[in-house]
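>>> I need the structure of the sequence given here:
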Amino acid sequence: MTVIGWIILGLLAGAIAKLLLPGRDPGGLIGTTLIGIAGAFIGGWISSRWFDHPVSKNFYDGTTWAAAIGGSLVLLIGYRLLFGNSRN
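Below you'll find the predicted structure:
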């Protein structure tokens, strides 16, 4: 996939991560979107580096999506821990 493909995947993965972990975030929509894009890149890197599963060149590969969503969830949770959870 190209960088544009990863950005689109990151946008969608960030939206899915937000659905799985609802609540207000300190950064709002823009912060969550950037976390989704970064999570897609980090999830893909972790998948290929430590789990010995290279990221697919196919946009519709389930493992690639799982890595992107997982990376987005990890970053979203870390972001909430570092910068506060405004659910209250």
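>>> any low-confidence regions in the chain?
Residue ranges of the chain with pLDDT under 70: 1, 25-27, 52-59, 85-88.
>>> Pull the contacting residues for the residue nearest to the spatial centre of it.
The centroid of the chain falls nearest to residue 72 when counting by Cα atoms, centre = their mean (2.3 Å). Contacts for residue 72 (Cβ atoms under 8 Å, 6 or more residues apart in numbering) come out as 10, 13-14, 16-17, 35-36, 38-40, 43. All C-beta spots, glycine's among them, are computed from the backbone N, C-alpha and C.
>>> Quick one: mark the members of those that sit in helices.
If you go by DSSP state H, these have 10, 13-14, 16-17, 35-36, 38-40, 43 in helices.
>>> residue boundaries of the helices in the chain?
Ranges of helices within the chain are 3-20, 28-49, 62-83, based on DSSP H.
>>> Run a quick neighbour tally on residue 21.
Residue 21 has 14 neighbours, counted by other Cβ atoms under 10 Å.
>>> Grab the nearest non-local neighbour of it.
Closest residue to residue 21 apart from its sequence neighbours, by Cβ to Cβ, 6 or more residues apart in numbering: residue 76 at 5.7 Å.
>>> for residue 15, same thing?
Nearest residue to residue 15 in three dimensions, chain neighbours excluded: residue 36, at 6.7 Å (Cβ to Cβ, 6+ apart).
>>> measure that neighbour to residue 66 for me?
Distance of residue 36 to residue 66, computed by Cβ to Cβ, to the nearest Å: 14 Å.
>>> ok, those two, which is more surrounded?
residue 36 (27 against 14).
>>> for the more buried one, what are its contacts?
Residues near residue 36 by Cβ under 8 Å, 6+ apart: 10-15, 17-18, 72.
>>> Let me see the contact set for the nearest residue to residue 16 once chain neighbours are set aside.
Nearest residue to residue 16, sequence neighbours excluded (Cβ to Cβ, 6+ apart): residue 69, at 5.3 Å. Counting by Cβ under 8 Å, 6+ apart, residue 69 makes contact with 13, 16-17, 20, 39, 43.
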